[in-house]
Every structure is written in structure tokens, then in C-alpha cells.
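Q: Sequence and predicted model, in that order:
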Amino acid sequence: MKNLKIRLLDRLEQEFALTAGQIKRFIKDFHFQMNKGLAGEKSSLEMLPAFVDRPSGKEKGRFIALDLGGTNLRLLQLELKGSGRIEKLAERKFVLKEKYIKGKGKDLFDFIAGCIKRFVQEKGIAGTKKSDIGFTFSFPIRQASITSGVLMYWTKGFCAKGVVGKDVVGLLNRALAEKGLYNIKVAALANDTVGTLVARAYRESECDIGAIFGTGTNACYREKISRILKMKGRKTKGSHMIINTEWANFNKINTTVYDRILDKNSINPGEHILEKMISGMYLGEIARLVMLDLIKRGVLFNSKLPQALRVPRVFKTEYMSYIAADRTVGLVKTNSLLRKLGIKDSCCQDRQVVKKICNFISGRAACLSAASLAAIILKIDPDLSRRHTVAVDGTVYEKYPGFANGINACLKRIFAKKSSKIKISLTKDGSGIGAAIIAAVTDEN
Ligand code: BGC
């Protein structure tokens, strides 16, 4: 029995580990998909032009930032002071109820406009003066300019009807006008990764990549316009433009049986495969599926399937974080968490197995994240001859113990000593701030 348990855990560890050869292959496939996406061919990487480049850091002015992407909607009033300095003048969070996330799109945008109205009234921003909004929208948007963008599809559990295929700026401007807010207009629309890159680049000019590791995952980077083949013939300013890779959808990856079950039972089978292996929305569910398998094989919880683990998605990624942080002898904190979930009689070995499972899964997520970042870095700078700052935000990166270190360790495996040229900077709340900066860049042009 003991041997069976060890053998099974060893097998699991191997299945969730990435060999050097697999990482190399991953990067090669990633580049292939990037090139196809840039050429406008069918690809699992959409490579969406963001119609903005890095800011100079000198942009000035007062702007409202609207950040929509999770269960909260955030509004900020910011004063950009130039020379990379920003002052937060006001901030307000609103909870986005399920009825807006999953209901009618019209209601969602009416609600957002209502929040903006309350915000400007409460903070005394309302008036006859024109106010520009930088709108961060953390979903895939196909843009034709910085002031418009069509939602390609919803992700992260959103499914408000009547929004896919529509220009979200148009929807918001209309809702604002209906509330009588004629002087408030969306001056810039950006994906959250783009906002994060821009927010960091405002004070650190070496920043050329923005990434999110949270409920969802994605990254953007600064690309030479001459290499964005699908933009050929279009009038553009400057030499570079930020590209939103939408890497969540990358799918040339070795998956385990657990990934395949998760994918099959998801609302978008076959899509967002990388996101399903990296992001906070899914890691807990992979852990639950692995636990179910080990229970069935008789090596966990005495083969008894606890009621709590029968329900899909009950085992949250934040529980994994909590278990990963448990350094107590006998894993007492893990025990109390399991008890809260209704698993009352775990033994110490069970808890160690659960912790191991969490480690394999989060370790693989960190390694895939690093491999994806490495692919982007090598695309921009094949010899890693310059320094690169990656602006990062998201709860998994910020809160999951060992996740950030896991990314760094994997970058070291890939680049050896040269990895010291890559700096990953946590850029909290960057996405909203970034959209306001983009509004300022737009204002200057
Ligand atoms: C979306 C991206 C977004 C990422 C992080 C993904 O599900 O497709 O557009 O940037 O989540 O929020």
C-alpha cells in the first residue's frame, strides 16, 4: 500500500513537471502561433493590436479610470503629474452582482454608467467640464482604434447577453448619455495586461511586457509595427505598438487526464487551455480532480469520497494557497480547512498528499507562466541582449506562496545567468491606472 502510494505520487509529480525538452518545444510552438497571429492567420494566439505604445512618462492631466474584469468594478480619479508620478485623488469599488455578469448586457452597461454617475457626484467631479475615462476591460477585444473595441468572447464566467460582437465603448457611451452624463466620454479602451504594462512603463522605461496571473491569465508586449504583418497598409504612428497576445487560449501543451476532464466539463471545451492550467479560476478544480482520482485508487482519505469533494469547483485555488502556506507540524491548518469542508477524519499523511498535489499543480502553473514569458522575451530579443521589465499583477502571482519564486526559478532554468536581465515587478492596480495613462497619451495626440 505504502509503495503504491509512493509510486502514484511519483507518477503524478512526473506528469505535472515540465522537462527542458518540453519547455523548448513549448517556446517553439508559442513562436509559431505568435507569428501566425501577427500575420492575421488562424492561430490560438490572437495577437491583438492595442493601438497604443509605451507612454513617455511625461503625460499630465486628470482622468477617470474604470476597471472592469472581475467581480468588482473599480473607479479611480487620477492626476498624472508627468515625470512618472501619479496621485490617486479618489477611489471607489462597486460589487458586480451575478445578475449583471450573467444577465442582459444592457443592464450591465446601465449599472456601470450608474456607478460612474454616483462616483462623479460623490467625489464632486461632475460638472460642465469634459471628463475623459480610461476604460480597462479585461476580456479579448478586437480594436480598430484606441477608442473602440469589439468583444470577441466572454471569459472568466462572464456571459452577459448581447455584448459579444459589439463595441463596448459604444455600449458604455450610450449608457452614459442615457444617464445624462454627456460630458463624460471614454477616451481610451485597453485590456488589463496593456494597462499594467503602461502603468509600469510610465515610471520605468525598460518595461516592455505586461502580464496578469489572477482569475484569468494573459500577457501583452511591445512589438515593432513592421512585424505586425496584419497591420500592413494601415496608417500608424511611431515604430512600436503593444500587442495583446491573449495567451490564455494557447493550446499546444501536453495535458494530463485531469486537465482533459476539466476542459471537457467547462463551458468552453477546447479553448483557453493555457488559462485552464495556470489561472486562479481553475487550479483548485484540477486539485479536486486529482484528489478524486487518488481516493478512487485507495490512497487518500481511506478511499472515502467526502461529500464536499463531489461538487465541481468547490475546492478553490485560495484553499491551495492556504495549504501551501501551512508550515505547521502535522499540517494542522490544512486539517482545519479540510474539516471546514466536511473532511473530518484526514490523517497526517492524507494532508501531506493534499499539500503535494497542490505543489505539483501550482509548480506546473508557475513553470508554464515562465515558459510563456520566456517565449515573449525571446521573440522581442532573441539573444537576451537587453534588460526587460515585466509588469505583473493578479492574485495568483501576488498571493500564492511560492508562485513568484517558481516563475523566477523556471526563468533561470531557461536563461541560466542571463535571467538576471529579466525583472518581474508586481504592479498592483496597474490595469486601471494604465488605462488613465493611455487616455492621457491619446489626449496628447
Ligand atoms: C482574458 C484576457 C485577460 C485575462 C486576465 C483572460 O481570461 O481573455 O483578456 O487579460 O483573462 O484578466
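A: Arrived safely. Numbers count the residues shown, from 1 in each chain.

Q: does Glu271 sit in a helix or strand, and which one?
A: Per DSSP states H and E, Glu271 falls between elements, in no helix or strand.

Q: Could you measure from the residue of the stretch 1-150 of the chain found nearest the ligand over to Lys237?
A: The ligand sits closest to Ser138 of the stretch 1-150 of the chain, with a gap of 3.9 Å, by C-beta to the nearest ligand atom. The C-beta positions use only the backbone N, C-alpha and C, and glycine is treated the same way. Distance, Ser138 to Lys237, using C-beta to C-beta, to the nearest Å: 26 Å.

Q: Who has more neighbours out of those two?
A: For Ser138 versus Lys237, neighbours defined as other C-beta atoms under 10 Å are more numerous around Ser138 (23 against 9).

Q: In space, what's closest to that one - neighbours in sequence excluded?
A: Among residues not flanking Ser138 along the chain, Gly69 sits closest, at 2.6 Å (C-beta to C-beta, 6 or more residues apart in numbering).

Q: Repeat that for Lys36.
A: Per C-beta to C-beta, 6+ apart, closest to Lys36 is Ser43, 3.7 Å.

Q: Next, that neighbour: phi, psi?
A: phi -150, psi 160 (degrees, to the nearest 10).

Q: what number of residues lie near it?
A: 18.

Q: List the contacts of it.
A: 33-34, 36-37 (C-beta atoms under 8 Å, 6 or more residues apart in numbering).

Q: Per-residue pLDDT of the residue of the stretch 1-150 of the chain closest to the ligand, please?
A: On the pLDDT scale, Ser138 is placed at 96.

Q: longest helix of this protein?
A: In the chain, taking DSSP state H as the definition, the longest helix is helix 348-380.

Q: how far is that one from where the chain is centred?
A: 15 Å (C-alpha atoms, centre = their mean, to the nearest Å).

Q: Need the mean per-residue confidence for the very next helix or strand once past it.
A: Once helix 348-380 ends, the next helix or strand along the chain (criterion: DSSP H and E) is strand 388-393. Mean pLDDT, computed over strand 388-393, is 98.

Q: Over to stretch 159-170?
A: The model assigns stretch 159-170 a mean pLDDT of 97.

Q: Show me what counts as buried in it.
A: Neighbour-count burial for stretch 159-170 flags 160, 163, 167-169 (criterion: 16 or more other C-beta atoms under 10 Å).

Q: Could you export those residues to JSON lines, including columns for distance to Glu398 and secondary structure?
A: Shown next, in JSON lines, are the buried residues of stretch 159-170 (distance: C-beta to C-beta, whole Å; DSSP: H, G, I helix; E, B strand; the rest coil):
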{"residue": "Ala160", "distance to Glu398": "27", "secondary structure": "coil"}
{"residue": "Val163", "distance to Glu398": "29", "secondary structure": "coil"}
{"residue": "Asp167", "distance to Glu398": "32", "secondary structure": "strand"}
{"residue": "Val168", "distance to Glu398": "27", "secondary structure": "helix"}
{"residue": "Val169", "distance to Glu398": "29", "secondary structure": "helix"}
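
Q: List just the nearest of those residues to the ligand.
A: Val168 (12.1 Å).

Q: how close does that closest one sit to Pro49?
A: Taken as C-beta to C-beta, the span from Val168 to Pro49 is 16 Å.

Q: And for stretch 268-279, what's in contact with it?
A: Contacts for stretch 268-279 (C-beta under 8 Å, 6+ apart): 44, 153, 155, 213-218, 247-251, 253, 255, 259, 262-263, 266, 281-282, 286, 364-365, 368-369, 372, 396.
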